[in-house]
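K.L.:
Sharing a model prediction with you, sequence too.
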Amino acid sequence: MQAMTLPLSQLFAPMLGIFAAMYLLAPTFPVARLWARVAVFVVVWLVVARYLEWRIFTTVLPASGTWYQVGWIWFCLFVELLTFTDQFILYLTFLRRTDRRSEADQHERRLRSLPDDELPAVDVFIPTYDEPIEVLEKTITGALCLDYPNFQVWVLDDGRRPWLRELCTQKGAGYLTRADNLNAKAGNINHALTKTSGEFFAIFDADFVPQRNFLMRTTGFFADPKIGIVQIPHTFYNEDPMQANLGLHRGLPDEQRFFFDAIMPARDGWDGAFCCGSNSVTRRAALRAVGDALPTQSITEDILLTLVLLRKGYVTRYLREPLAIGLAPESLDAFFVQRQRWARGAIQTLYLAAGPLGPGLGLMHRLLFFPAHWLSMGLRALAVVVVPIVFMWTGLAPVVDVTPESVFYYLFPAILALNGGISWFAPHEHFPLAAQVSATIQSFKILPTVLETLVKPTGHAFRVTPKGAAARRASYAAEIFWPSAVLMALTVVGVVLNTIPEWRIIDHPAALPMVAFWSVVNIVVLFFVCMTSLQARMGRTEERFDADESILIQTESGERLSGRMSNISLSGAGVLLGSGIDYPRAGEPLRVHIVQVGWIDATVVQQRGQLVGVQFHLPQSLERDLLIRKLFTVARLRGNGVIARSVNRAMLKNIWSMAAPLPHIVTRGAKPASFSPTERLPAESLVIRPQRRIDDLAHLAGVRSLHPTSFSEPGFGRVAGTVLKAVKLS
């Protein structure tokens, strides 16, 4: 290594200058202004260009030695260049951004001023295969509650389940099956298109519940004839695996917020947003222009549909509003099923004429739809962890002629610039430590999937993301935990060995502080990876929402109490009662009256001081539908105001508080309790058309928007309202 001979002031000047520019000056710039975005872009990439000039001409080209020594150095540079390519495309994307909420306001006012019969017809599709009733009932009920006069709800059941047909009939939703399951979800939707005729069609995955104003906020955008699809973000009401397993629900936003809240509005500025499968509305006339069907050449038919429409002049418009809420993957297994499907589908587009490399696209659209992220993420995350281990255990260096001084002079300014720039573009969505943990977790399975698909792009089965009870089983991701634990052990032992002169493997003692610092960061990341791989036990089957509203209680003895709900779910509520009263005891039956819902039978399951926990006894009934309407069809999500510093602090603080017993571990291959074989309908095309409900949920909710002044309601022990016929699940 050739030492740099620079005075300290000059050595640290680039790093201090970048810190001042990106972390002190840039935050004062208005991110909505083009000049500010261009200025940040230019500064960041001038710093990166300076680093790359040093990286290539000083640390790579002079390399000599055996073929594997030189090959390892060039491989590390390749991974780095692939990462910079992905980052460069991201920064280009951020040069534009949109916020179409004011446009949605104007469109909504216009639509609400029109007579009902002048609003376009919309078919609402809910494709499903094996999701359980506790997932589907929310989506079906929520769709039926849409505040729009001209729509029909259709459940597209590729599972052909009699109980779902019965549920749809009771609720008034249409029900469709087909003779086969060809082309999975895309084929299911294509079959539904042949049985319906709405001018537009909306798609909701089986776990996504539309908000009541979804169609009023989205349909108006089609006044512009070039709009083929309107897409809104995927927003979740439950914890994703990282939030749940690290206990960071309130301190860490879900890991898709960076994409949906920062990247997609920027892509929209380039007319490069794309359909994400669920939470979208599509113009049927645009689909007719490309064959009147969703493309089926890729297992991610949504992004391919956007590309096909783009070539015909139709763009996908993006509205950043949480107009539908759904389930994030409820376990690591479900998470990987979803991400492997996305990665495989993105790579498949490279081999298609309709993909980003095919004819008919401009350069920017080719860059936007090129799957650089999937190609680079796994390699980068694993390289960051493996490279220092290889160096410490074999002495095989990833670079030549690097000194601690050159790291401060060239590398650290580039890292500060890249992270500072992204944090400026997305201050409430980009969290470097959490992103590195997530990328490392994904790399163990995503990288093999990407490499396999590059070699064999077709012939892979479509796997549905598990939902509900099937996804909530506590499990132990051995294929993540043990490799991470081994890598962490190799890192720790490698650092210790190289601090002992007699055992040192690294030939250059000056490199040890750099490698030690790098290793400490990796140990922290790998620790979080290990913790995330231990699936937390799911204590409740239904997600709870914060609440602060009055509730009435009638005890078995006839005593009348009033209190305030602190939280509520479809299965129960936490109630804060006043002081100086006899509190209901655990096991005591009672009835509760909830605004916009009505009377519900319940049982006290716990009582601590003034706080009483009640469990609802709520069969399929109007009250159950009204409670779903109340909980899931209006925005109940907290706003995201966190920044990277607070997220990093919460994650690091959690290292010292993870002393709770580990979750129950289920060995791989364990199965849930056995059920009787599920009855299936014949494999044929079945069409049951939607029927208008006799009961109007919106009207009933309005009638029940106040607590009764007396308790002369139906007798104790009965649910007030019409109980629907029980749905047979087996």
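P.N.:
That came in fine, so what should we check first? Values in this document were obtained by computation on a predicted structure and should not be read as measured data.
K.L.:
where along the stretch 501-650 of the chain do the strands fall?
P.N.:
Along the stretch 501-650 of the chain, counting by DSSP state E, counting those that start in this stretch, strands occupy 545-555, 560-568, 572-577, 589-594, 598-608, 611-617.
K.L.:
what's the closest of those strands to Ile505?
P.N.:
Taking CB to CB as the criterion, strand 545-555 is the member of the strands of the stretch 501-650 of the chain that comes nearest to Ile505, at 54.1 Å. (Each C-beta comes from the backbone N, C-alpha and C, glycine too.)
K.L.:
Okay, Cys275 and Asp548: tell me how far apart.
P.N.:
37 Å (CB to CB, to the nearest Å).
K.L.:
And these two? Which one has more around it.
P.N.:
Taking neighbours as other CB atoms under 10 Å, Cys275 and Asp548 compare with Cys275 leading, 26 against 9.
K.L.:
Mind pulling up the pLDDT for the more buried one?
P.N.:
What the model reports for Cys275 is a pLDDT of 97.
K.L.:
Same check on the one 3 residues further on?
P.N.:
Note on Ser278: pLDDT of 96.
K.L.:
what's the answer for the one 10 residues further on, then?
P.N.:
The score at Arg288 is 96. That number is its pLDDT.
K.L.:
Which strand or helix spans the closest residue to Ala104 other than its chain neighbours?
P.N.:
Using CB to CB, 6 or more residues apart in numbering and skipping residues adjacent in sequence, the residue nearest Ala104 is Arg217, 4.8 Å away. If you go by DSSP states H and E, Arg217 is part of helix 214-218.
K.L.:
Please compute how far that helix lies from its chain's middle.
P.N.:
Taking CA atoms, centre = their mean, to the nearest Å, one finds helix 214-218 lying 21 Å from the centre of the chain it belongs to.
K.L.:
Quick check: which ranges of the stretch 401-550 of the chain have low pLDDT?
P.N.:
Low-confidence segments of the stretch 401-550 of the chain, defined by pLDDT under 70, are located at 468-475, 536-540.
K.L.:
again with the stretch 601-730 of the chain
P.N.:
By pLDDT under 70, the low-scoring segments of the stretch 601-730 of the chain are 638-641, 655-678, 694, 710-730.
K.L.:
What ranges does it have for its helices?
P.N.:
With DSSP state H, counting those that start in this stretch applied, the stretch 601-730 of the chain shows helices at 622-632, 644-657, 697-703, listed in chain order.
K.L.:
out of those helices, which comes closest to Pro359?
P.N.:
Each of the helices of the stretch 601-730 of the chain was checked against Pro359 via CB to CB, and the shortest separation belongs to helix 644-657, namely 41.2 Å.
K.L.:
I'd like to know which of the strands of the stretch 501-650 of the chain lies nearest to Leu25.
P.N.:
Nearest to Leu25, of all those, is strand 545-555, at 38.3 Å by CB to CB.
K.L.:
Report all helices and strands that the closest one contacts.
P.N.:
Under the contact criterion of 3 or more CB pairs under 8 Å, 6 or more residues apart in numbering; DSSP states H and E, strand 545-555 touches strand 560-568, strand 572-577, strand 589-594.
K.L.:
quick one: contacts for Leu34?
P.N.:
Residues in contact with Leu34, defined by CB atoms under 8 Å, 6 or more residues apart in numbering, are Leu95.
K.L.:
Next one: it relative to Phe425, how far apart?
P.N.:
If you go by CB to CB, the gap between Leu34 and Phe425 works out to 13 Å.
K.L.:
just the strands in the stretch 301-450 of the chain please.
P.N.:
Ranges of strands within the stretch 301-450 of the chain are 315-318, 324-326, based on DSSP E, counting those that start in this stretch.
K.L.:
Could you export the helices and strands packed on strand 545-555 as a markdown table, including distance to Gly17 and mean neighbour count?
P.N.:
Written out in a markdown table, the entries for those read as follows (distance: least, CB to CB, whole Å; neighbours: other CB atoms under 10 Å):
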| stretch | distance to Gly17 | mean neighbour count |
| --- | --- | --- |
| strand 560-568 | 49 | 17 |
| strand 572-577 | 53 | 22 |
| strand 589-594 | 59 | 21 |
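K.L.:
quick one, phi psi at the closest residue to Met216 other than its chain neighbours?
P.N.:
In space, Met216 comes closest to Glu108 once its chain neighbours are excluded; the distance is 4.9 Å by CB to CB, 6+ apart. The phi/psi pair for Glu108 (degrees, to the nearest 10) reads phi -60, psi -40.
K.L.:
Can you give me the neighbour number for Gly360?
P.N.:
12.
K.L.:
distance of the residue located most distally from the centre of the chain from Ala26?
P.N.:
The outermost residue of the chain, judged by C-alpha distance from the chain's mean C-alpha position using CA atoms, centre = their mean, is Glu502 at 49.6 Å. Shown here: Glu502 relative to Ala26, a distance of 49 Å by CB to CB.
K.L.:
What does the pLDDT read for the spatially most central residue of the chain?
P.N.:
Nearest to the mean C-alpha position of the chain, counting by CA atoms, centre = their mean, stands Gln256 at 3.9 Å. What the model reports for Gln256 is a pLDDT of 93.
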